[in-house]
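J.: heads up, no residue letters with this:
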């Protein structure tokens with residue numbers, strides 16, 4: 001997901017197409033979604049924080 005900048009659903013479909021024997025459960029999808037949120041948080045620059053400057 002990180003190297004190809006894929007969304008979780010795209011990564012899961014790719015995995016299913018390459019390894020059809022695997023069984024992906026809700027916990028796997030939840031973990032993929034959490035990892036994507038983690039990657040998205042890292043992508044934002046640190047200067048976008050809410051600070052009051054006057």
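T.: Alright, I've got the coordinates. It should be emphasised that the depicted structure is a prediction, and the values quoted were computed from it without experimental measurement.

J.: make it CA atoms for all contacts and neighbour counts henceforth
T.: Noted.

J.: any idea of the mean pLDDT for the helix or strand residue 37 falls within?
T.: Residue 37 is part of helix 26-43, with elements assigned from DSSP states H and E. Here helix 26-43 scores 93 as its mean pLDDT.

J.: packing partners for it?
T.: helix 8-18 (3 or more Cα pairs under 8 Å, 6 or more residues apart in numbering; DSSP states H and E).

J.: for the helix it packs on, name the packing helices and strands.
T.: helix 26-43.

J.: next, the buried residues of the helix it packs on.
T.: 32, 35, 36 (16 or more other Cα atoms under 10 Å).

J.: quickly note the distance from the residue positioned nearest the centre of the chain to residue 5.
T.: Relative to the mean C-alpha position of the chain, the nearest C-alpha, by Cα atoms, centre = their mean, is the one of residue 36, at 1.6 Å. Residue 36 is 9 Å from residue 5, where distance means Cα to Cα, to the nearest Å.

J.: same question, residue 26
T.: For residue 26 relative to residue 5 (Cα to Cα), the value is 22 Å.

J.: any chance of the buried residues of helix 26-43 in CSV, plus distance to residue 1?
T.: CSV is the format used below for the buried residues of helix 26-43 (distance: Cα to Cα, whole Å):
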residue, distance to residue 1
32, 9
35, 9
36, 8
